[in-house]
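Asks: Got a predicted model here, sequence first, then my questions.
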Amino acid sequence: MTALIASAPAASGRFALRVSAPVLLAPSCLLLTIFFALPMGVMIGLSFLDGRTLVPTLGNYERFFLDGLSLAGFVRTAIMSALVAAAVTFLGYPVAYFLARSQTRWRTVVFALALAPELAGVVLRTYGWLIILEDRGFINDALIHFGIVSTPLPLSKNLFAVVVGLTHVVLPFGILSLMTSIQGIDVNFERAAQMLGASRASVIRHIVLPLSVPGIVSSLLISFTMAASAYATPALLGGARFKVLATMISEQVLFYIDWPFASVMAIALLAMMLVASLIGIRWEARLKVRKSSRKGEVR
C-alpha cells in the first residue's frame, strides 16, 4: 500500500511533464513556422518559377551558375566575409583577453569602448567611415596636406573599405564571444605554467589559445554570417562597382522585379553560411577529439 502511494506522485509528475512540454514548445514552434519555415518554403518555391510566365523551370539556377556576374558576386561575398571574420577575431582576441582577466578600473573603460559602436546605427557608422576613407576624406586630405602622396589613395568603393567598415560593425560581437570563452578557462592553469617558468607569450600560445578554440570558432562564424548578410555597409562603402549577394538581391527585387532570381541568390547566400557553419563545427569537433586522444596518451 505504501509503495503504491509513493509511486503515484512520481507518475503524475511524469505525466504533467509530458503534457506541459508540447504546450511550452507550441508558441515557439508556431513562430518559427510562420516567420521562418513558411517564408523559406515560399522563397524556395519561387526559385523554381520563371520570372515572367511563372512556369516551373530550372532556368534561374542555370542562369546563376552560367552568369559570370552572379558567381563573381558569390565569390566576392565569400572573400569579404572571410576577411572580416579573420580581422574581427584577430583584433578582438587581445581585447577579449584583457576584459576576461583584468581586475583594474580600466576594464570598465575598455568594455564601454568595445560596446560603444553598438550605440550608433549601422548607417551612421558607415557614413563615418565614408567620410574618413573617400577620395576627399580625412585620410587622403591629411596625406596630401603633408606631401606624402600627390593623388588620393583608393581607400573607398572597394573591398578594403567594406572590410574596414564591417569589421567595425561586427567587432563587438566577436569580442563578447571570445571574452565568454576565455572567462571559462581556469586561471590556475596560467598561474601554474608561469610558476614552472613559462613566459606570458608561451602561456597564451600553449594554454589559453587551445582552450579558447570554441570562442574562436564562434567569433569566426558570427562574424562571417553577419558580414555575408550585411547590406548597408557594402552598399555605401562598396559603391556600384563592388557588388555582393546582399546588394544584388536588393537590385533584383527593387529594380528588375525578378523575385525568382533573387530567391536563387538568397538560397546561395544561405547555403554559403550553412557550409561555413558546418566547417566550423567540424573543425571544433576534430580539435576536441585530438585533445581527448592526447589526454589518453598522457594517462
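Replies: The structure has been received and is ready for your questions. Numbers count the residues shown, from 1 in each chain.

Asks: I'd like to know how many residues surround the residue nearest to Ala100 when sequence neighbours are not counted.
Replies: Residue nearest to Ala100 in three dimensions, not counting chain neighbours: Ile182, with 3.9 Å by CB to CB, 6 or more residues apart in numbering. C-beta here means a position set from N, CA and C on the backbone, and glycine is covered the same way. Residues contacting Ile182 under the criterion other CB atoms under 10 Å number 21.

Asks: Does Ile182 belong to a helix, a strand or coil?
Replies: Following DSSP: H, G, I helix; E, B strand; the rest coil, the label given to Ile182 is helix.

Asks: residues contacting it?
Replies: Going by CB atoms under 8 Å, 6 or more residues apart in numbering, Ile182 touches 96-97, 100-101, 208, 212, 215.

Asks: What is the most widely separated pair among those?
Replies: Pairwise distances across those peak at 13.7 Å for Arg101 and Gly215 (criterion: CB to CB).

Asks: Who has more neighbours out of these two?
Replies: Taking neighbours as other CB under 10 Å, Arg101 and Gly215 compare with Gly215 leading, 25 against 15.

Asks: Which residues are in contact with the more buried one?
Replies: 96, 177-182.

Asks: Looking at those, spot the one nearest Leu49.
Replies: Nearest to Leu49 out of the contacts of Gly215 is Ser177 (CB to CB; 39.4 Å).

Asks: pretty sure that closest one contacts Ile222?
Replies: Yes - taking CB atoms under 8 Å as the definition, Ser177 is a contact partner of Ile222 at 5.9 Å.

Asks: what about these two, which has more around it?
Replies: Ser177 (24 against 19).

Asks: how about that one, what does it touch?
Replies: By CB under 8 Å, 6+ apart, the contact set of Ser177 is 96, 215, 218-219, 222.

Asks: at 7 Å what do you get?
Replies: By CB atoms under 7 Å, 6 or more residues apart in numbering, the contact set of Ser177 is 215, 218-219, 222.

Asks: same check, this time on Thr77
Replies: When contacts are counted by CB under 7 Å, 6+ apart, Thr77 is found next to 228, 244-245, 272.

Asks: Among the residues you listed, which pair sits farthest apart?
Replies: Greatest spacing in these, by CB to CB: Val244 and Met272 (10.9 Å).

Asks: Of these two, which one has the most company?
Replies: A count of neighbours by other CB under 10 Å puts Val244 above the other of Val244 and Met272, at 29 against 19.

Asks: which SS class is the residue nearest to the more buried one when sequence neighbours are not counted?
Replies: Leaving aside its sequence neighbours, Val244 sits nearest to Thr77 (CB to CB, 6+ apart; 4.3 Å). Secondary structure state of Thr77, per three-state DSSP, is helix.

Asks: Please report how far Thr77 lies from Ala246.
Replies: With distances taken as CB to CB, to the nearest Å, Thr77 is found 8 Å from Ala246.

Asks: And for Leu24?
Replies: According to CB to CB, Leu24 and Ala246 sit 36 Å apart.

Asks: Comparing those two, which residue is more hemmed in?
Replies: Neighbour totals were compared for Leu24 and Ala246, and Ala246 leads with 21 against 9 (other CB under 10 Å).

Asks: what's downstream of the helix or strand the more buried one falls within, the next helix or strand?
Replies: Per DSSP states H and E, Ala246 falls inside helix 245-254. Per DSSP H and E, helix 245-254 leads on to helix 259-298 as the next helix or strand towards the C-terminus.

Asks: The contacts of Thr77 into TSV, with extra columns for distance to Leu31 and pLDDT?
Replies: Formatted as TSV, those follow (distance: CB to CB, whole Å; pLDDT from 0 to 100):
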residue	distance to Leu31	pLDDT
Ala228	24	94
Val244	29	94
Leu245	27	94
Met272	26	94
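
Asks: which among those residues gets closest to Gly137?
Replies: Set against Gly137, the nearest of the contacts of Thr77 by CB to CB is Val244 (22.1 Å).

Asks: can you tell me which residues contact that closest one?
Replies: Contacts of Val244 (CB under 7 Å, 6+ apart): 73, 76-77, 80, 234.

Asks: okay, the residues you listed in JSON lines with pLDDT and distance to Ala240 next?
Replies: Shown next, in JSON lines, are the contacts of Val244 (pLDDT from 0 to 100; distance: CB to CB, whole Å):
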{"residue": "Gly73", "pLDDT": "93", "distance to Ala240": "13"}
{"residue": "Arg76", "pLDDT": "95", "distance to Ala240": "14"}
{"residue": "Thr77", "pLDDT": "96", "distance to Ala240": "16"}
{"residue": "Met80", "pLDDT": "96", "distance to Ala240": "16"}
{"residue": "Pro234", "pLDDT": "94", "distance to Ala240": "11"}
